[in-house]
Structure formats: structure tokens, C-alpha cells
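J.: model this:
(one chain, ligands or ions: 2)
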Amino acid sequence: MTEQVAVQVTDESDLDLRRAAALIREVPDFPEPGVLFRDISPMLADGAGLRSVVSALGRDCEFDVVAGVEARGFLVGAAVAQAFGTGVIGLRKPGKLPVVADRVDYALEYGRATLELPADTLRPGQRVLIVDDVLATGGTLGAACRLVRQAGAEVAAAAVVLELTALEGRDKLMGEEVRALLQA
Ligand SMILES: O=P(O)(O)OC[C@H]1O[C@H](OP(=O)(O)OP(=O)(O)O)[C@H](O)[C@@H]1O
Ligand SMILES: Nc1ncnc2[nH]cnc12
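T.: Ligands and ions are numbered 1, 2, ... in the order given. From the prediction side, this is the model:
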């Protein structure tokens with residue numbers, strides 16, 4: 001069973017985002033018992049919703065390239081890159097890339113994971129906007145930031161659609177500019 005959930009829009013003057021946020025739903029016990037899953041799929045499937053998310057994620061930020069985190073970060077990250085005229089890099093789960101530049105292991109809210117940077121994508125000195133859908137425990141964005149820095153590039157910001165504040169993921173991202181459009 002699914003239900004609508006109220007989330008806070010961090011920039012309350014963004015009316016388009018407020019309308020989009022109403023499309024998020026929460027699903028109890030997915031992907032395993034005890035996890036309350038926030039599903040942003042209906043928001044991204046809505047044209048106005050996707051547009052509001054994309055413009056808010058890239059607004060007032062100087063970046064040379066976007067790094068989107070597999071898998072839902074690919075959807076949003078590629079759209080941000082296209083809208084702001086940059087390229088996009090996919091930070092991938094293991095076993096997908098033919099040539100790996102670097103990898104980082106990390107803990108998730110439900111399990112462990114690894115992120116890999118594709119070879120010949122990120123150049124030293126580039127300013128990277130890291131994009132993902134959700135900030136939960138912060139393990140994923142922390143790993144993404146490490147991959148970027150280990151490549152000699154800079155993190156312009158780590159930007160997510162939704163931050164789950166109770167999981168305190170921001171604490172793992174000390175020193176990074178963290179941008180969350182919505183909070184629950
Ligand atoms: O802050 P954290 O605790 O690290 O969690 C956030 C991550 O968890 C989800 O990824 P997941 O690997 O579940 O999947 P996806 O492939 O469906 O995007 C979400 O898309 C974030 O990437
Ligand atoms: N509770 C959650 N809802 C949606 N995406 C997530 N990613 C990690 N935890 C999540």
C-alpha cells in the first residue's frame with residue numbers, strides 16, 4: 001500500500017518545486033522491512049516536475065561537469081548537464097564499466113555498495129556537480145565526493161532532490177557544499 005507524504009521544500013518561494021513535491025509518495029517496508037522508501041518516480045515522470053528539479057539543482061552553482069550516481073542519479077544528472085550545457089559522467093556500481101579509473105566502497109542504509117569512476121572522463125581541476133536523487137545515510141555521496149577528489153577534481157556541490165534528515169547523512173559530508181531541494 002502507498003500513501004502521499006508531505007515534504008518540506010527548502011526554497012519555499014519555488015512554487016514549481018512545491019507542486020512537484022506533492023507527487024512524491026512513501027512506501028513502507030521497501031526494499032526491506034523497516035525502510036520507509038520515498039519514491040520520486042512520479043515527480044520525475046511529470047514534465048513540469050522534472051523541469052523544476054533540474055533548474056533548482058543547477059541554479060547558482062559554477063560547475064564544468066555533472067557526475068550522476070547510478071541509477072536514479074543518472075536520470076536527474078543527465079538532465080541537469082543538458083540544461084546547463086555540460087557533459088555528464090556516470091558513477092557506476094561494480095561490474096558495469098569496461099575500464100575503471102578508481103573505486104570506493106561504502107555503507108548504505110540497507111547494505112554495502114561500491115562506486116566506480118569510468119576512465120578518461122574526469123579531468124584534474126574540473127569543478128564537478130555531483131547529483132543523486134536521495135541523501136539518506138550519506139555513504140553514497142561521501143563515496144562520490146571521494147572519487148572526485150581522488151581524481152584531482154573539485155566538488156562544486158553535492159546536490160540531491162530529497163534529503164532524509166533523520167538519517168543525518170549531512171554529517172558524513174562535512175566540508176562539502178550540500179544542496180537538497182526537499183527534506184523529509
Ligand atoms: O545516503 P545513502 O544512505 O548512501 O543512500 C542514498 C542512495 O541510496 C539509493 O541508492 P540505491 O543504491 O538504493 O539505488 P538506485 O540504484 O535505485 O538509485 C539512492 O538512489 C542513493 O543513491
Ligand atoms: N528511504 C529511502 N527512500 C528512497 N531512496 C532511498 N535511498 C536510500 N534510502 C532511501
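
J.: check which helix or strand residue 32 maps to.
T.: Using DSSP states H and E, residue 32 sits within no helix or strand.

J.: quick one: the strands in this structure, in order.
T.: 3-4, 8-9, 25-28, 36-39, 65-69, 87-91, 100-108, 111-118, 127-135, 154-163, 178-183 (DSSP state E).

J.: residue ranges with poor pLDDT in this protein?
T.: Applying pLDDT under 70 to the chain flags the ranges 1-5, 109-110.

J.: residue nearest the centroid of it?
T.: residue 132 (1.1 Å; C-alpha atoms, centre = their mean).

J.: so who does residue 121 touch?
T.: 89, 101 (C-beta atoms under 8 Å, 6 or more residues apart in numbering). In short, each C-beta sits where N, CA and C put it, glycine included.

J.: what's the answer for residue 45, then?
T.: Contacts of residue 45 (C-beta under 8 Å, 6+ apart): none.

J.: quick check: it vs ligand 2, distance?
T.: 16 Å (C-beta to the nearest ligand atom, to the nearest Å).

J.: and if you look at residue 15?
T.: Distance from residue 15 to ligand 2, by C-beta to the nearest ligand atom: 24 Å.

J.: residue 15 - how many residues pack around it?
T.: 11 (other C-beta atoms under 10 Å).

J.: ok, it to ligand 1 distance?
T.: 26 Å.

J.: is ligand 1 contacted by stretch 167-175?
T.: Yes - judged by C-beta under 6 Å from any ligand atom, stretch 167-175 and ligand 1 are in contact via residue 169.

J.: one more: stretch 65-76?
T.: Yes - interface with ligand 1: stretch 65-76 contributes 69-73 (C-beta under 6 Å from any ligand atom).

J.: before we move on, what about stretch 131-148?
T.: Yes - judged by C-beta under 6 Å from any ligand atom, stretch 131-148 comes into contact with ligand 1 through 132-140.

J.: mind listing what's buried along stretch 33-47?
T.: Within stretch 33-47, the residues scored as buried using 16 or more other C-beta atoms under 10 Å are 37-40, 43-44, 46.

J.: and that stretch, how far out from the chain's middle?
T.: 13 Å (C-alpha atoms, centre = their mean, to the nearest Å).

J.: and it, anywhere near ligand 1?
T.: No - judged by C-beta under 6 Å from any ligand atom, stretch 33-47 makes no contact with ligand 1; its nearest approach is 9.0 Å.
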